[in-house]
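[1] A predicted structure for the sequence below; I have some questions about it.
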Amino acid sequence: MSYNNRYQSWLDDEYFDVLTKAELRELEGNEKEIEDRFHMELEFGTAGLRGVIGAGTNRMNIYVVRKATQGFSNYLLKVRNIKEPKIAIAYDSRNMSYEFAKEAGAVFAANGIHVYLFESLRPVPELSFAVRELKCDGGVVITASHNPPEYNGYKVYGEDGAQVIEPYDKMIIGEVNKITDFNEVKHIASEEAEAKNLLTWIGQEIDDKYIAKVKEQALNLEVVAKIGNDFKIVYTPIHGTGNKPVRRVLNEVGFKNVYVVDEQEEPNGNFPTVKSPNPEDENAFKLAIELAQKVDADIIMGTDPDADRVGVLIKNQEGKYLVMTGNMIGAMLTEYILSGKKQKGELPEHGVVIKTIVTTEMARAIAKNYGVELIEVLTGFKYIGEQIRLFEEHGDKQYLFGFEESYGCLAGTYARDKDAVVACMLAAEMAAYYKDKGMTLYEALVSLYEKYGYYKESILSITLKGIEGMSKIGKIMENMRALKIDTLASFEVLAKRDYQQGKRKEITSGKEEDIRLPKSNVLYYELSDCGWVCIRPSGTEPKIKFYFGVKGNSIEDADKKVEELEKTMKQMIEPWL
């Protein structure tokens with residue numbers, strides 16, 4: 001069916017409501033917009049759905065959410081053949097999140113699946129916890145993470161509380177794609193679902209249990225008790241879900257001086273005070289920095305809309321607040337956790353730290369220093385969650401900490417997704433620990449570099465929207481895959497990993513070996529002097545990302561090396577853009 005036919009079918013079919021049809025009629029004559037909305041169905045990928053809110057098959061709306069939920073229901077009932085399945089649903093502060101969550105619940109209930117729906121917005125990690133706590137067979141979170149306000153999404157979780165992995169993701173996708181008519185989707189009202197005992201609203205009880213598990217991850221509460229009254233924190237939820245759980249856990253572990261950015265405290269899906277609600281973006285912390293300067297804060301922290309990622313700012317020797325990268329935060333927490341457990345005699349014999357392939361190599365050096373195994377997984381926290389499950393099943397390893405460069409981490413195994421609530425607690429505790437030793441977090445970071453080497457990473461992210469953009473991204477990956485590269489900038493290429501082919505090839509000897517990770521459209525170049533480059537299309541946005549990592553003799557040396565790599569890659573791909 002052509003995009004015009006799809007467009008017309010939405011206008012003609014009585015299934016679609018009058019407001020949807022009114023929105024579509026306003027597009028008459030705008031051929032490009034009609035094509036963009038209807039040239040394809042919003043892809044139900046391995047993480048679920050994510051797209052711009054609006055009417056159309058290639059948009060996030062109640063009909064697309066219903067269809068995705070019917071496909072997930074069919075997977076649970078027909079493919080998995082689960083008797084009396086249960087699902088937990090949470091949602092964040094984005095526009096339409098509550099409506100999409102209710103619609104998902106209505107479809108699950110219509111299929112006889114018991115729904116546990118949070119009574120108000122909650123962070124992603126609490127949904128992950130709830131799936132396990134309530135012994136559910138899966139979960140859904142309505143969120144688009146840090147995307148701009150016009151976006152929303154639908155993330156799918158398995159019974160272990162982690163986002164679904166192969167082969168289950170493909171099975172769910174297959175069931176969603178089998179639905180060719182929206183009229184196939186079952187649906188009942190919330191009142192009917194409650195009357196049939198198929199809908200349970202959840203809240204305070206799960207909150208209390210979740211917060212208790214977060215607090216169990218603390219390492220040095222005696223230090224917090226000692227200096228908690230003199231330690232100042234500025235926190236911003238950036239209009240998201242983190243406000244209540246982050247403030248609660250900080251207060252309960254002993255931090256009494258937590259200053260919240262008033263203008264960003266309340267949930268608001270329009271994110272009016274920022275261009276992007278992204279804790280990776282320094283601009284999102286403009287108001288927080290102003291407040292921190294006013295109160296002379298020791299640390300600034302901010303969480304994204306679904307509170308699974310945290311940004312941290314620390315004060316340098318000149319008194320200026322600097323944004324830490326996700327790699328810096330993760331590396332410092334790795335050192336803090338491992339050293340703390342070692343001091344207490346709690347470092348297990350078979351402990352493991354997990355990082356993704358695009359995350360700093362400093363983690364490897366830290367793990368080695370403490371005699372801890374480091375495991376590397378593909379990009380996506382679901383792969384870290386998968387490893388935790390495998391450790392529990394086999395009983396041979398103990399999870400200590402996991403993180404990725406994109407500002408996500410998890411301490412403890414109560415959840416199986418990244419958790420900004422526990423990250424905020426540990427980052428504040430870590431800052432208090434170093435303050436008690438007469439050090440700022442900036443000085444602690446410098447000491448980490450002096451101990452392990454000056455590791456530096458950067459990301460080049462190129463947005464290529466629409467049909468043409470998708471084609472260009474595919475062409476870049478195709479060209480890079482075919483290209484024989486011996487050097488990049490001043491670095492020698494030692495080996496090339498092609499995760500799609502599942503092969504690692506040494507450049508000089510030509511020796512090949514299998515990569516024992518799932519197939520993925522990713523290229524990785526191992527370089528001399530501990531350098532590396534990784535290329536991958538984003539799984540959730542119309543972007544292709546280039547990751548760079550180096551180890552220098554000083555901060556200046558590392559900066560120079562990473563800039564050279566980025567410049568060389570830009571020149572290489574320019575003809576294909």
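    The structure has been received and is ready for your questions. Numbering: from 1, shown residues only.

[2] show me where the stretch 451-577 of the chain has helices.
    Counting by DSSP state H, counting those that start in this stretch, the stretch 451-577 of the chain has helices at residues 466-482, 555-573.

[3] where's the longest one relative to the chain centroid, distance-wise?
    Just to be clear, that refers to helix 555-573. Relative to the centre of its chain, helix 555-573 is centred 26 Å away, using Cα atoms, centre = their mean, to the nearest Å.

[4] pass me the low-pLDDT residue ranges in the protein, would you?
    Scanning the chain with the threshold set as pLDDT under 70 gives 540.

[5] 80 instead?
    Across the chain, residues meeting the criterion (pLDDT under 80) sit at 45-47, 539-541.

[6] and residue 328, how many residues sit next to it?
    Look at residue 328: counted by other Cβ atoms under 10 Å, it has 23 neighbours. C-beta: built from backbone N, CA, C; applies to glycine.

[7] ok, the nearest residue to residue 41 once chain neighbours are set aside to residue 16 distance?
    Distance criterion Cβ to Cβ, 6 or more residues apart in numbering; nearest residue to residue 41, sequence neighbours excluded, is residue 57 at 4.6 Å. Separation of residue 57 from residue 16 (Cβ to Cβ, to the nearest Å): 11 Å.

[8] between the two, which is the more surrounded one?
    Counted by other Cβ under 10 Å, residue 57 and residue 16 do not tie: residue 57 has more neighbours, with 21 against 18.

[9] what about the more buried one, which SS state?
    coil (DSSP: H, G, I helix; E, B strand; the rest coil).

[10] backbone phi and psi for it, please?
    Dihedral angles of residue 57 (phi, psi; degrees, to the nearest 10) stand at phi -70, psi -20.

[11] do a quick rundown of the helices in the stretch 51-200 of the chain.
    Counting by DSSP H, counting those that start in this stretch, the helices of the stretch 51-200 of the chain are 62-74, 97-110, 124-133, 168-178, 190-195.

[12] in the longest one, which residues are buried?
    Of all the residues in helix 97-110, those buried under the rule 16 or more other Cβ atoms under 10 Å are 97-98, 100-110.

[13] then the third one?
    Of the residues in helix 124-133, those buried under the neighbour-count criterion (16+ other Cβ under 10 Å) are 124-133.

[14] repeat for the fourth one
    Of the residues in helix 168-178, those buried under the neighbour-count criterion (16+ other Cβ under 10 Å) are 168-169, 171-173, 175-176.

[15] which residues sit against it?
    44-46, 67-68, 70-72, 74-75, 78-79, 156, 158, 164 (Cβ atoms under 8 Å, 6 or more residues apart in numbering).

[16] farthest pair in these?
    For these, the farthest-apart pair by Cβ to Cβ is 45 and 78; their separation is 21.3 Å.

[17] neighbour count for these two, which is higher?
    residue 45 (13 against 10).

[18] surely that one is in contact with residue 539?
    Yes: checked against Cβ atoms under 8 Å, the pair residue 45 and residue 539 is within contact range at 6.1 Å.

[19] any idea how many residues pack against residue 486?
    8.

[20] in contact with it, which residues?
    492-493, 507.

[21] nearest to residue 379, of those residues?
    The closest of those, once distances to residue 379 are taken by Cβ to Cβ, is residue 493, at 20.9 Å.

[22] phi, psi of residue 203?
    Torsion angles, degrees, to the nearest 10, at residue 203: phi -170, psi -100.

[23] how about residue 213, nearest residue that isn't a chain neighbour?
    Here the residue nearest residue 213, using Cβ to Cβ, 6+ apart, is residue 414, at 3.7 Å.

[24] which secondary structure element contains the one you found?
    According to DSSP states H and E, residue 414 maps onto no helix or strand at all.

[25] so what's it up against?
    Residue 414 sits in contact with 129, 132, 210, 213-214, 216, where contact means Cβ under 8 Å, 6+ apart.

[26] for residue 94, grab phi and psi.
    According to degrees, to the nearest 10, residue 94 has phi -70, psi 160.

[27] surely it and residue 146 touch.
    No: here residue 94 does not reach residue 146: they are 10.7 Å apart, not a contact under Cβ under 8 Å.

[28] could you check which of these two has the larger neighbour count?
    It is residue 94, of residue 94 and residue 146, that has more neighbours when counted by other Cβ under 10 Å, with 32 against 25.

[29] re the thing from before, out of the contacts of residue 486, which is nearest to residue 285?
    Closest to residue 285, out of all of the contacts of residue 486 and judged by Cβ to Cβ, is residue 493, at 37.3 Å.

[30] wouldn't that closest one be in contact with residue 505 here?
    No: the criterion here is Cβ under 8 Å, and residue 493 misses it with residue 505 at 10.3 Å.

[31] more neighbours, the two?
    residue 493 (20 against 14).

[32] quick one: that one and residue 561, what's the gap?
    15 Å.

[33] one more: residue 567?
    Counting by Cβ to Cβ - residue 567 and residue 561 are separated by 11 Å.

[34] how about residue 396?
    38 Å.

[35] so for these two, which residue has more residues nearby?
    Counted by other Cβ under 10 Å, residue 396 and residue 561 do not tie: residue 561 has more neighbours, with 25 against 9.

[36] check contacts around that one.
    Counting by Cβ under 8 Å, 6+ apart, residue 561 has contacts 456, 489-491, 529, 531, 550, 552.

[37] what's the answer for residue 223, then?
    Taking Cβ under 8 Å, 6+ apart as the test, what residue 223 contacts is 429, 432-433, 436.

[38] biggest separation within these, which pair?
    The span of the contacts of residue 223, defined through Cβ to Cβ, is set by 429 and 436 at 10.6 Å.

[39] which one's more surrounded, the two?
    Set side by side, residue 429 and residue 436 show more neighbours around residue 429, with 26 against 15, by other Cβ under 10 Å.

[40] about what we covered before: what do residue 94 and residue 146 both touch?
    residue 305.

[41] buried residues, stretch 203-213. List them.
    Within stretch 203-213, the residues that count as buried by 16+ other Cβ under 10 Å are 206-207, 210-211, 213.

[42] what's it in contact with?
    Here stretch 203-213 makes contact (Cβ under 8 Å, 6+ apart) with 118-120, 122, 125-126, 129-130, 133-134, 245, 248-249, 252, 412, 414-415, 421.

[43] for residue 258, which non-adjacent residue is closest in space?
    Using Cβ to Cβ, 6+ apart, the nearest residue to residue 258 is residue 233, at 4.8 Å.

[44] in three-state terms, how would the one you found be classified?
    Reduced to three states with three-state DSSP, the structure at residue 233 is strand.

[45] in the sheet, who's paired with it?
    residue 258, residue 299 (DSSP bridges).

[46] next, count neighbours for it.
    By other Cβ under 10 Å, neighbour count at residue 233 equals 26.

[47] same check on the one 10 residues further on?
    Burial measure for residue 243: 23 neighbouring residues, criterion other Cβ under 10 Å.

[48] residues contacting it?
    237, 260, 265-267 are the contacts of residue 243 under Cβ under 8 Å, 6+ apart.

[49] can you add secondary structure and neighbour count and give those back as JSON lines?
    Compiled in JSON lines, the contacts of residue 243 are given as follows (DSSP: H, G, I helix; E, B strand; the rest coil; neighbours: other Cβ atoms under 10 Å):
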{"residue": "237", "secondary structure": "coil", "neighbour count": "28"}
{"residue": "260", "secondary structure": "strand", "neighbour count": "17"}
{"residue": "265", "secondary structure": "coil", "neighbour count": "15"}
{"residue": "266", "secondary structure": "coil", "neighbour count": "10"}
{"residue": "267", "secondary structure": "coil", "neighbour count": "20"}
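
[50] closest to residue 325 among the residues you listed?
    residue 237 (20.8 Å).

[51] wait, what's in contact with the closest one?
    By Cβ under 8 Å, 6+ apart, residue 237 lies in contact with 243, 246, 260, 264-265, 267, 302-303, 307.

[52] make it 7 Å
    243, 246, 264-265, 303 (Cβ atoms under 7 Å, 6 or more residues apart in numbering).

[53] how near is it to residue 278?
    Taken as Cβ to Cβ, the span from residue 237 to residue 278 is 13 Å.
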